[in-house]
Structures are given as structure tokens and as C-alpha cells.
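In: curious how this folds, go ahead:
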Amino acid sequence: MDMTTKHSHLPEVVMPRCQTQHWLRGQTALVTGAGTGIGKEIALALAAYGADVAVNYVSGDETARQVTEAILETGNRSIAIKADVSNEEQVQIMFKRLFEEFGTIDILVNNAGLQQDAPFDELTLAQWNKVIGVNLTGQFLCARAAVREFKRRGVRPKVSCAAGKIICISSVHDVIPWAGHVNYAASKGGVMLMMKSIAQEVAPYRIRVNSICPGAIRTPINMQAWATPEAYDDLMRLIPYKRIGEPVEIGRVTAWLASDYADYVTGANLYVDGGMTLYPGFETGG
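Out: Here you go, the predicted model:
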């Protein structure tokens, strides 16, 4: 049976035919918290696949400069923009600078995040507000600014199938409770439903919104979990795949999710965790 003829009434889906290394050519990305760790590797990965990248950071001028220089060496454009994503005025200034430099935005990666841990009954309001402010409110402020630009500009077919892409860097702790880290887990749970709600609302505008949820990744923020052989062995009890993840792996997944190869993916949580969300404690029946 000729399936093409039978379903000829369906709208044509134009699939990307670009070279792998050119997935994101002609696109501009903003990565928040891109001076170190996962954010740095995301920024470098997007550049490796052809994007111009704005590197947001809140501290560490020298490390941010090094990231931008590495991107420039790939032949892509890059600037560093210092801004606290939890501050509405600073976010507005950041996007104004971005538009002045690049004209528009195609990809937003909401990566900036932090932890301020304490037993729940000792958790201060300042610690709660700081983590919620950066991890959740910061993602809201940046996503709102990006959506406004995506809707204003619309789809540019020669650049991308979508009008824009937003990728929220979340955590396995958007579904796994984490005693002693209540503010962090609450912020990531909020990111999950915020992302899905935004995705539902803006999908008709051809704007895609998704989350990447890393498990244990070898970054300074969780060094105590992998810095010694004893700590690493203890961590492996939680990871069926029996190794820690590397920041570059999150970068590669982000580049794919931002590309037209993932054009039918929206409102999804993509867990990159070596199986941590498989609850390995139950592998022998509980």
C-alpha cells in the first residue's frame, strides 16, 4: 500500500537535513550560569554545533571570559553577560544587551542554580528565598523574556522549525524527595510543573519547552559525593549504571534537544541520570 498517497491530506513535516556539526548554525543561545560546571559544558556544546552563545554568570569574571574565548575559537560569536537571574531588572538588562549584540534569541538554557542546605527545622527564610529565587524565579524571568521575543519574531524556517526553544536544567529531585535539601527539591519540583505549563501554553506558537534532569554529575556543587573512593562507592549504590555522569554529557543532550532533530519534543522531562530514577533500592524486590 502506498502510505504516502493514503495520507496525502496530512501536512508535510520538513525534517532537518543539516550536517551533525551544523545542527544549530545561524542560531543564538543564552545559557545562564554558564561560567562553570554543567553550564559551561552546555555553552561549549551549543557552540560546537554551530550556535553563537551568550554566557551568563553572576560571579567569576575570569572563568566566564575563558568560556567566551573558547567559544570564539570555534568561529562562533560569544559575549559574557553578568547578571543575577533572580533580579528582574538585571534580567531585562541582560536580554537588552543580548539583542543589541545578536539581534534575537533562538535558544534559552535556564541552567543557573544553587544549593543552600540545612535540616528543615533549621532552614532559614533567607536560605529558602535565595534558592527559590535563583532556581525557580530566575527560570521564570528568563523564560518570560525569551517567549516574548519568540512570539514577536515567529518562526524563521531557514534557521529552525521552531520559533524558539527553552531548556530548563532541573534535577532528578523534581521527583525524588531529598531530606536536608527541602528548598532545593521544592525549587526543582516547581521547575517541572512551570516548564510543562509554559510548554502547554506556547506550543501553538511553535515554541518548544523541555527540561533536562541530571542525576549525579561530576561538578563542584556535589564534590563531597564523589571526591573520595569511599564517597564514590557509596554514591554508586544509587546509580544502576555504576558511574558518575560528566558535565559534557549534559551539554550533548542539550544540543540535541535544542536542534530540529527534537522538533516534536515539548513538555518533556529528560532524565540523564544513569538510572537513578529507577529507584535501585528496590532492585531486589524492596
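In: let me see the ranges of the strands in the stretch 1-150 of the chain.
Out: Shown for the stretch 1-150 of the chain, the strands assigned by DSSP state E, counting those that start in this stretch span residues 28-31, 52-57, 78-82, 107-110.
In: which among those strands is found nearest to Asn210?
Out: Ranking the strands of the stretch 1-150 of the chain by proximity to Asn210 (C-beta to C-beta) places strand 107-110 first, at 10.6 Å. All C-beta spots, glycine's among them, are computed from the backbone N, C-alpha and C.
In: can I get the strands of the stretch 1-150 of the chain in CSV with distance to Leu125?
Out: Conversion of these to CSV gives the following (distance: least, C-beta to C-beta, whole Å):
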stretch, distance to Leu125
strand 28-31, 30
strand 52-57, 26
strand 78-82, 27
strand 107-110, 24
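In: can you list those strands in TSV and add mean neighbour count?
Out: Rendered in TSV, the data for the strands of the stretch 1-150 of the chain read as follows (neighbours: other C-beta atoms under 10 Å):
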stretch	mean neighbour count
strand 28-31	29
strand 52-57	28
strand 78-82	20
strand 107-110	30
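In: could you dump the ones you listed to CSV with mean pLDDT and distance to Tyr261?
Out: What follows is the strands of the stretch 1-150 of the chain, written out as CSV (pLDDT from 0 to 100; distance: least, C-beta to C-beta, whole Å):
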stretch, mean pLDDT, distance to Tyr261
strand 28-31, 98, 16
strand 52-57, 98, 19
strand 78-82, 98, 23
strand 107-110, 98, 14
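In: any idea which of those gets closest to Glu201?
Out: Closest to Glu201 of these is strand 107-110 (C-beta to C-beta; 15.6 Å).
In: shaky segments in the stretch 151-286 of the chain?
Out: Low-confidence regions of the stretch 151-286 of the chain, defined by pLDDT under 70, span residues 221-227, 286.
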